[in-house]
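Colleague: show me the folded form of this:
(chains A and B)
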Amino acid sequence: MIDVRLLRQDADAVRAGLARRGKPELLDQLAEAITLDIEVRDIGTRRDAIRARVNELSKQVGAARRDGNTAAADDLQKQSRELGDEEHSLAARADELQEQLRQILLRIPNVPHPEAPDGASDHDNPVVKGPLQMPASFTDQQRIPHWDTAARLGILDSERAVKLSGAMFTMPRKAGAMLSRALCQYALDMNADAYEEVRPPSLVTTATLTATGQLPKFADDAYAIERDDLWCIPTAEAPLTSLYSGEILDEAALPVRLMAYSPCFRREAGSAGRDTRGMLRAHEFDKVEILALATPEQAATMLIELRDRAERLIAGLGLPYRIIEICTGDMGQSHHRSFDIEVYAPGCDSWLEVSSVSWFSDYQGRRADIRYRRAGEKGTHLVHTLNGSALAVPRVWAAIVENFHQPDGSVVIPEALRRYMRGLERITV
RNA sequence: GGAACGGUGGCAGAGCGGACAAAUGCAGCCGCCUUGAAAGCGGCCGGCUCGAAAGGGCCCGGGGGUUCAAAUCCCUCCCGUUCCGCCA
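Modeller: Numbers count the residues shown, from 1 in each chain, chains lettered A, B, ... in the order given. Modelled structure (predicted):
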């Protein structure tokens, strides 16, 4: 959530920031929020005044009863009771407006970072690094889509996956299954020097999914288990970010660095019919996420650290890649600043987003109520949250099958992964 | 799933209608003492929110209710522990 107090003190700054996202309706929502906020505070102040009077009278009633002054006590009680009714209706009104305000604020996106590039859509995302590790040309074999190669090698059984679970589910087999697992272990091991490994729950509460921003606005994109009021996580970002929700950390504990392997579940509500073949888009996939909770001062550096770590994984596999920065018009709701790492897949002839690294400023910290305390200081501050896919398995899997497809029809396993694949050097029929 | 007992500040743990933001202990902070430290002693020591400030309001698992007044009584939900059942 954006900061209501900032909205009060400097509404123009918030307006100007949100305007960069290029969605005019946001400014209307903002105006509505400002109006509601004023009204909520006005009613709240009146309610508090009555409340104070009731508290005062109650004390007097107690005193009068102790002194045996029954008549005076009865009179005071009567006065207080009358105030009670007025307080009740004011409180009810305040709660109602407060909730309305909250619902609006939950849907208002984060303000972009000043250095985030302006732009209207993904076409305006500038390439900030690369392409790197790009060969001068690609062979005929490399131009074969991974779904064809995978089918020939027997490492991807899409038909049976669909039989089991329906469209948009995948099922790697044999060396393909091993490759999926190897990528996860590789990503975890490469970050184990500084990141604590967590194995979070894959089902989380509504509150947890609201903290990171997936709810309430994007409920259609997530799998809901209504009977138990639980949701399947679309990314480990959700449980990892909320790990310390409602807690106050010592500044010395920051930055907190966490990583997790998890399955990710996405309904892909708006993308029926897109990327239906192969491993590019599925309702369930594996991912290793890296994440940090930081002070505002640490955050900018952390963003680069996370990006470098994500890059190092792709570079270490020998895949052609580039890094783009997300422009204001293409940013996710919670994002303050983000970068994507894209791998080139010659068979699909496209750049695949394999990692997204983002800084959320205090937007998620406020929703999740994660604060920290500076040593020797009174009061608390909201943490900044950052995270990135260390490695999203299926698209890297696809890129490996395409890029390392040899003229003899085999697929060479990147050196870095072989130790996780029982020494396998290449996949053959 | 059934039964019983619980959920209070960073932790431990009192309080069970009125003077309770809440005893006490530990931890923490400041000072004294000390060559230094420990121990001792004295003081401070929760969060949120409205307000320029003075000051006010809210928070004892969540929500609702009773009452002039609720940490305390009632309802409900959630969570925990133990026992039983079931089970990877």
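
Colleague: so which residues of the stretch 151-300 of chain A form strands?
Modeller: A:196-198, A:203-205, A:224-225, A:230-232, A:248-250, A:256-265, A:284-294 (DSSP state E, counting those that start in this stretch).

Colleague: direction included, what does the first one pair up with?
Modeller: So that's strand A:196-198. strand A:256-265 (parallel) (DSSP bridges).

Colleague: can you check the longest one too?
Modeller: For strand A:284-294, the paired strands and their directions (DSSP bridges) read strand A:256-265 (antiparallel), strand A:384-392 (antiparallel).

Colleague: gap between the first one and the chain center?
Modeller: Centroid separation between strand A:256-265 and its chain, computed with Cα atoms, centre = their mean, to the nearest Å, is 11 Å.

Colleague: how close does A:S338 sit to RNA strand B?
Modeller: Look at A:S338 and RNA strand B: by Cβ to the nearest atom of the strand, to the nearest Å, they are 27 Å apart. For every residue, glycine as well, the C-beta is placed using N, CA and C.

Colleague: can you get me a residue count around A:A219?
Modeller: By other Cβ atoms under 10 Å, 15 other residues sit near A:A219.

Colleague: how about A:R277?
Modeller: Using other Cβ under 10 Å, A:R277 has 12 neighbouring residues.

Colleague: which residues touch it?
Modeller: For A:R277, the contacting residues are A:145, A:147, A:158, by Cβ atoms under 8 Å, 6 or more residues apart in numbering.

Colleague: closest to RNA strand B out of the residues you listed?
Modeller: A:S158 (28.9 Å; Cβ to the nearest atom of the strand).

Colleague: surely A:A175 meets A:M421?
Modeller: Yes - between A:A175 and A:M421 there is a contact under Cβ atoms under 8 Å: 7.1 Å.

Colleague: tell me the mean pLDDT over stretch A:240-258?
Modeller: Across stretch A:240-258, pLDDT averages out at 90.

Colleague: which elements pack onto the longest helix anywhere in chain A?
Modeller: In chain A, taking DSSP state H as the definition, the longest helix is helix A:25-66. For helix A:25-66, the elements it packs on are helix A:4-9, helix A:11-19, helix A:70-107, judged by 3 or more Cβ pairs under 8 Å, 6 or more residues apart in numbering; DSSP states H and E.

Colleague: let me have these in TSV, adding mean neighbour count as columns.
Modeller: Compiled in TSV, the helices and strands packed on helix A:25-66 are given as follows (neighbours: other Cβ atoms under 10 Å):
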stretch	mean neighbour count
helix A:4-9	14
helix A:11-19	16
helix A:70-107	15
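
Colleague: next, A:A167: phi, psi?
Modeller: Backbone torsions of A:A167, given as degrees, to the nearest 10, read phi -60, psi 150.

Colleague: and for A:V383?
Modeller: Phi and psi for A:V383, reported as degrees, to the nearest 10, are phi -80, psi 160.

Colleague: residues contacting it?
Modeller: Going by Cβ under 8 Å, 6+ apart, A:V383 touches A:249, A:254, A:293-295, A:362, A:365, A:370-372.

Colleague: do A:L153 as well
Modeller: By Cβ under 8 Å, 6+ apart, A:L153 lies in contact with A:175-176, A:411, A:427-429.

Colleague: can you pick the most crowded of these?
Modeller: In terms of neighbours by other Cβ under 10 Å, the contacts of A:L153 top out with A:I427 at 26 neighbours.

Colleague: count of residues packed around A:D408?
Modeller: Count around A:D408 with other Cβ under 10 Å applied: 8.

Colleague: quick one: it is in a helix?
Modeller: No - going by DSSP: H, G, I helix; E, B strand; the rest coil, the assignment for A:D408 is coil, not a helix.

Colleague: got a pLDDT number for it?
Modeller: A:D408 is assigned a pLDDT of 96 by the prediction.

Colleague: closest residue of the stretch 301-429 of chain A to RNA strand B?
Modeller: A:T380 (3.8 Å).

Colleague: spatially nearest residue to A:H336 (excluding sequence neighbours)?
Modeller: A:S361 (4.1 Å; Cβ to Cβ, 6 or more residues apart in numbering).

Colleague: can I take it that that neighbour is in a helix?
Modeller: No - under three-state DSSP, A:S361 sits outside any helix and is assigned coil.

Colleague: distance between the ends of stretch A:6-14?
Modeller: End-to-end distance for stretch A:6-14, by Cα to Cα, to the nearest Å: 8 Å.

Colleague: and if you look at stretch A:250-261?
Modeller: With Cα to Cα as the measure, stretch A:250-261 spans 27 Å from end to end.

Colleague: can it be found next to RNA strand B?
Modeller: No - interface with RNA strand B: stretch A:250-261 contributes nothing (Cβ under 7 Å from any atom of the strand), its closest point being 9.7 Å away.

Colleague: what does that stretch contact?
Modeller: Residues from elsewhere that reach stretch A:250-261 (Cβ under 8 Å, 6+ apart): A:184, A:187-188, A:191-192, A:194-200, A:236, A:239-240, A:243-244, A:249, A:286-295, A:298, A:302, A:372-375, A:383, A:390.
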